[in-house]
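Chemist: predicted model follows, preceded by the sequence.
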Amino acid sequence: MPSFGDITVEVGDDNVALVEVNRPPNNFFSLAMLGSIADALEWVDQDDDARCIVLASEGKNFCAGADLSADEPRTTTEQAGGGARHIYDECFRMFSCATPVVAAVKGAAVGGGLGLACMADFRVGGPGTRMTANFARLGFHHGFGLSVTLPRIVGRQTAMDLLYTGKRIKGDEAHRLGLLDRHVDDDQIRDEARTWAAEIAISAPLAVESIRRTLRGDLAAAVRAATDHEKAEQDRLRRTEDFREGVRAMAERRNPDFNRR
């Protein structure tokens, strides 16, 4: 079975493709990693034996977002083929793929990691799952298409609450809000996701893909438009003192002191 950078793909006899992120323990995302996930999803789309995907991660956390201690330009943008590639270009590629995805959300899904989980059709988690859109706590705008996906999943009011406060929610509350579709013991998360994906894979693949296109509608195009705006706002707010204070406060494990600068 193929591998794409830090991403491995394995298609089982149950017609389920396990797409696994291998950057433990936290699976911080980078442009290269997100590009590799998009490559893997596109590869699965071309494999007739793969009818549903389980997106999982090796290590403690599903995806702890961006590593803010890393070199930011290298994390979000790089030059390739004479032009600039951005993480949200890879995000759009993921949303454009046709095969259904069940995310096995073990541990933390933070910031862009939450965005990655919300890219999936379904999410399975447990008591140890932690989910947060912590962007406002860091002093900048959310991204990864959460402007579109989060309200669709939990409703507009709940989405605003999660985005405005940046609060962290546990697995049971995430399940109550609808952010997790199924809540099982932590050691059963991947097995439950696999069982669910196998149930989907039994159905006629052309019918499932057709139904998925109908129900998701213009989601990919809406995410593309949203990420264009999200990126512009993130670029603007990253230049503020409040953003620098938010990052410092997170590193020092204290409440930030924002001053509208």
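Modeler: Looks like it arrived, so ask away.

Chemist: that's a helix at Ala232, yeah?
Modeler: Yes: the assignment for Ala232, made by DSSP: H, G, I helix; E, B strand; the rest coil, places it in a helix.

Chemist: now stretch 234-251, how far from the centre of its chain.
Modeler: 22 Å (C-alpha atoms, centre = their mean, to the nearest Å).

Chemist: the most centrally placed residue in the chain and Glu252, how far apart?
Modeler: Nearest residue to the geometric centre of the chain (C-alpha atoms, centre = their mean): Leu116, 0.7 Å. Note on Leu116: its distance to Glu252, by C-beta to C-beta, to the nearest Å, is 27 Å. Glycine gets a C-beta too; all of them are placed from N, C-alpha and C.

Chemist: could you do Glu199 as well?
Modeler: 46 Å.

Chemist: helices or strands up against the host helix or strand of the residue nearest to the centre of the chain?
Modeler: Taking DSSP states H and E as the criterion, Leu116 maps to helix 112-119. Where contact means 3 or more C-beta pairs under 8 Å, 6 or more residues apart in numbering; DSSP states H and E, helix 112-119 is packed against helix 87-95, strand 101-104, strand 130-132, helix 146-154.

Chemist: so for the shortest one, what's the average pLDDT?
Modeler: In this model, strand 130-132 has an average pLDDT of 98.

Chemist: next SSE downstream of it?
Modeler: helix 135-138.

Chemist: by contact count, what packs against that next one?
Modeler: helix 156-165, helix 241-251.

Chemist: mind putting the ones you listed into a markdown table with mean neighbour count and distance to Leu138?
Modeler: Formatted as a markdown table, the helices and strands packed on helix 135-138 follow (neighbours: other C-beta atoms under 10 Å; distance: least, C-beta to C-beta, whole Å):
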| stretch | mean neighbour count | distance to Leu138 |
| --- | --- | --- |
| helix 156-165 | 15 | 12 |
| helix 241-251 | 16 | 4 |
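
Chemist: hang on, the earlier thing: Glu241 is nearest to which of the helices and strands packed on helix 112-119?
Modeler: Checking the helices and strands packed on helix 112-119 against Glu241 by C-beta to C-beta gives strand 130-132 as the closest, at 23.1 Å.
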